[in-house]
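S.K.: structure for the following, please:
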Amino acid sequence: MRKRTAVLCGAAVVVAGTFTAVPAEANAPGSAPKLTWKSCGTSNYPTLQCASLKVPLDHANPQGQKITLALSRVPHTAKKYQGPLLVNPGGPGGSGLTLAGFVASTLPKEVAAQYDVIGFDPRGVGKSKPALDCKPGHFNPVRPDSVPSTPAIEKANLQRAKSFAKACGDKYARLLPYINTISAVQDMDRIRQALGAERINYFGYSYGTYLGTVYAKLFPERVRRLVLDSVVDPTGVWYEDNLAQDYAFNDRHLAFMAWVAKNHATYKLGTDPAKIEDKWYAMRAALAKKPAGGKVGPAELEETFLPGGYYNGYWPYLAEAFAAYVGDKNTDPLVEAYDNFAAVDAAGDNSYSVYTSVQCRDADWPRDWEQWREDNWAVYAKAPFMTWSNAWYNAPCAFWPTDSLEPVDVTNGELPPVLLFQATGDAATPYPGAVTVHRMLRNSSLVVEQGGQNHGISLSGNACLDKHLAKYLSDGTVPRSGGEVDAVCDALPDPKPLSSTSPASSRGTTLHGLLGFRG
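M.R.: Below you'll find the model as predicted:
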């Protein structure tokens, strides 16, 4: 949900040729309208096609107001056709249009050729209409310090949270009751119908795993294959899950400090991780007094380094910015890192608007700020890195203008084999969540990346993981051990510091540019 530079994510921006209509597949009699596919290829994904689909705003009132979903497709080319493979990058609020191109081009060719890989912008997101933008510029710097060390700082942050929630309610009162996971899942089944498919295959990352498990709960007979990578704990949506993240992200931040210490020859920040951590917090304190470039204060600093908790491929860039500030008093690399990893553009405003709308509506949140204060100070005492940043990111839910739905119990014994991927050191969706879902989905298999630190691990460069994915998508085969874990893959090695020979991008960097952060 943050903007990136092309050098970091290999973003494709060139539109390929003029738009030409592509015949839609036949639909089942009496099902949803046919889709009209048009070329929307890019330089990286030239065969990408786009279409739109009208669905009810309220699925309980199918003849009422309609909204429009934006879809993308890379069509199958093999004689053997295994149906549509819907993909989702998470969020909530993530756009999936480009992810279809990435998945189709990254899977083994003989596997991808058997599927129509289908991306979609969920309701409210991106090119779907209407697209939400509750309060443009909500993340403009410099924001208040995230740590509410004084009543004035806490008041300023509370005012931001309340004003965002009010802006959403004032602008989208008609829409907000229908921006939630269950409605998005019902949209997915409308997509299935429009594709003329009896069943769908589904591949979701992060929040996309929750979307997938809820779809499987509501429409178990419509699931053919289901891949869940970096698995949300459905028993903690969403307040408890966010508190659990705080401990895990603090661990990832400490791992980053240890990596910097290991690479003292490059960064000159010392060989003691604890002392390097002290320097990081000293940098934070200095930025509270004088923001770098007039825009990187302590809140922006946390947002800049947060992506390193999702993907260690960003560590070399963050370490260079850290070292330049501490060693040379040079703020330019830090400002550049902020621009690349944390600055929020219009797409980010849209993603955050949907993120809050879905999470605040999906489940109960404490409405008494005293509970937030008590819980987050208790977590902060053990995990200071992003506890309060995360709290304020979700704080509009304490003041949200709609009531909450009941979380979905995704326990399911009616599915074909399901494939789960999880890294042991994942911060955004900590490991216990995958174990929980493995138990809740009776016919699932869990593939673990032992020692893995990243969020979103398949199609990210680990050949062992990708072999399991390709095998499953080819013929439905999953590993079985009879234990808590069905297969183990070794983690990829830590990144190396940047050098003149470092590649400008990698598969992992491209994927994480598409997945974004916060979910």
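S.K.: in stretch 87-103, what's buried?
M.R.: For stretch 87-103, the buried set under the neighbour-count rule, 16 or more other Cβ atoms under 10 Å, comprises 87-103. For glycine as for every other residue, the C-beta is placed from the backbone atoms N, C-alpha and C.
S.K.: in helices, which of those residues fall?
M.R.: 97-103 (DSSP state H).
S.K.: show me where pLDDT drops low in this structure?
M.R.: Along the chain, segments meeting pLDDT under 70 span 1-32, 500-505, 516-519.
S.K.: show me where it has its strands.
M.R.: Under the criterion DSSP state E, strands of the chain are mapped to 21-22, 37-39, 49-56, 66-74, 84-88, 116-121, 200-205, 223-229, 418-423, 444-450, 487-490.
S.K.: reformat the ones you listed as CSV; add distance to Pro148.
M.R.: Listed next are these as CSV, based on distance: least, Cβ to Cβ, whole Å:
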stretch, distance to Pro148
strand 21-22, 54
strand 37-39, 50
strand 49-56, 41
strand 66-74, 38
strand 84-88, 34
strand 116-121, 35
strand 200-205, 32
strand 223-229, 35
strand 418-423, 32
strand 444-450, 36
strand 487-490, 42
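S.K.: who wins for proximity to Asp251 among those strands?
M.R.: For these, proximity to Asp251 was assessed by Cβ to Cβ; strand 418-423 is nearest, at 12.4 Å.
S.K.: count of residues packed around the spatially closest residue to Gly294 that is not a sequence neighbour?
M.R.: The shortest distance from Gly294 to any residue other than its chain neighbours is 7.4 Å, reached at Val142 (Cβ to Cβ, 6 or more residues apart in numbering). A count of neighbours around Val142, defined by other Cβ atoms under 10 Å, yields 17.
S.K.: which single one of the ones in helices among the buried residues of stretch 87-103 is nearest to Leu511?
M.R.: Within these, the smallest distance to Leu511 is 6.6 Å, found for Phe102 (Cβ to Cβ).
S.K.: let me see the contact set for the nearest residue to Val232 once chain neighbours are set aside.
M.R.: Counting by Cβ to Cβ, 6+ apart, Tyr210 is the residue found nearest to Val232 once chain neighbours are left out, at 4.2 Å. For Tyr210, the contact set (Cβ atoms under 8 Å, 6 or more residues apart in numbering) comprises 181, 232, 234, 237, 410.
S.K.: Thr271: which of those is nearest?
M.R.: Sorting these by how near they are to Thr271, with Cβ to Cβ, puts Val232 at the top with 37.4 Å.
S.K.: show me where the stretch 51-200 of the chain has its helices.
M.R.: With DSSP state H, counting those that start in this stretch applied, the stretch 51-200 of the chain shows helices at 97-106, 109-112, 151-172, 181-194, listed in chain order.
S.K.: ranking these by burial, who's on top?
M.R.: helix 97-106 (a mean of 24; mean count of other Cβ atoms under 10 Å).
S.K.: and that one with strand 66-74, angle?
M.R.: 20 degrees (axes from the mean of the first three to the mean of the last three Cα atoms, to 10 degrees).
S.K.: tell me the angle helix 97-106 makes with strand 200-205.
M.R.: Angular relation of helix 97-106 and strand 200-205 on a 0 to 180 degree scale: 100 degrees, by the same axes, to 10 degrees.
S.K.: hmm, who's touching helix 97-106?
M.R.: 12, 42, 44-45, 47-48, 50, 70-74, 85, 87-89, 112, 115, 117-121, 126-127, 203, 459, 507, 510-511, 514.
S.K.: stretch 356-368 now?
M.R.: The set of residues that contact stretch 356-368 without belonging to it, under Cβ under 8 Å, 6+ apart, is 91-93, 124, 132, 134, 164-165, 168, 172, 175-177, 179-181, 184, 237-239, 372, 375, 394, 396-400, 402, 404-407.
S.K.: can you give me the end-to-end distance of it?
M.R.: 18 Å (Cα to Cα, to the nearest Å).
S.K.: kindly report the same for stretch 392-410.
M.R.: In terms of Cα to Cα, the two terminal residues of stretch 392-410 are separated by 28 Å.
S.K.: sort out which residues of it are buried, please.
M.R.: Buried residues in stretch 392-410, defined by neighbour count with 16+ other Cβ under 10 Å: 392-402, 404, 407-408, 410.
S.K.: ok, longest helix in the protein?
M.R.: helix 239-262.
S.K.: circling back: now render the contacts of Tyr210 as CSV, adding distance to Leu301.
M.R.: CSV is the format used below for those (distance: Cβ to Cβ, whole Å):
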residue, distance to Leu301
Thr181, 32
Val232, 27
Pro234, 32
Val237, 29
Val410, 37
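S.K.: would you mind checking which of those residues is nearest to Met283?
M.R.: Nearest to Met283 among the contacts of Tyr210: Val232, at 32.4 Å, using Cβ to Cβ.
S.K.: so how far is Pro177 from the closest one?
M.R.: With distances taken as Cβ to Cβ, to the nearest Å, Val232 is found 22 Å from Pro177.
S.K.: do Ala113 as well
M.R.: From Ala113 over to Pro177 the distance is 41 Å, taken as Cβ to Cβ.
S.K.: and what of Arg225?
M.R.: 32 Å.
S.K.: quick one: Trp280 and Met257 touch, right?
M.R.: Yes: using Cβ atoms under 8 Å, Trp280 makes contact with Met257 at a distance of 7.0 Å.
S.K.: neighbour count winner among those two?
M.R.: Regarding Trp280 and Met257, a neighbour count based on other Cβ under 10 Å identifies Met257 as having more, with 23 against 20.
S.K.: excluding its backbone neighbours, what's nearest that one?
M.R.: Beyond its immediate neighbours in the sequence, the residue positioned closest to Met257 (Cβ to Cβ, 6+ apart) is Pro273, lying 4.3 Å away.
S.K.: next one: Ser128
M.R.: If you skip the residues right next to it in sequence, Ser128 has Asp121 as its closest partner in space, 4.2 Å away by Cβ to Cβ, 6+ apart.
S.K.: neighbours around that neighbour, how many?
M.R.: Other residues within reach of Asp121, judged by other Cβ under 10 Å, total 25.
S.K.: who does it bridge with?
M.R.: Beta-bridge pairing for Asp121 (DSSP bridges): Ala70.
S.K.: where's it relative to Lys38, distance?
M.R.: From Asp121 over to Lys38 the distance is 16 Å, taken as Cβ to Cβ.
S.K.: again with Glu374
M.R.: Computed with Cβ to Cβ, the distance linking Glu374 and Lys38 is 54 Å.
S.K.: got it, and Phe102?
M.R.: 20 Å.
S.K.: the stretch 351-500 of the chain: helices as residue ranges?
M.R.: With helices called from DSSP H, counting those that start in this stretch, the stretch 351-500 of the chain shows them at 369-380, 387-394, 431-440, 463-475.
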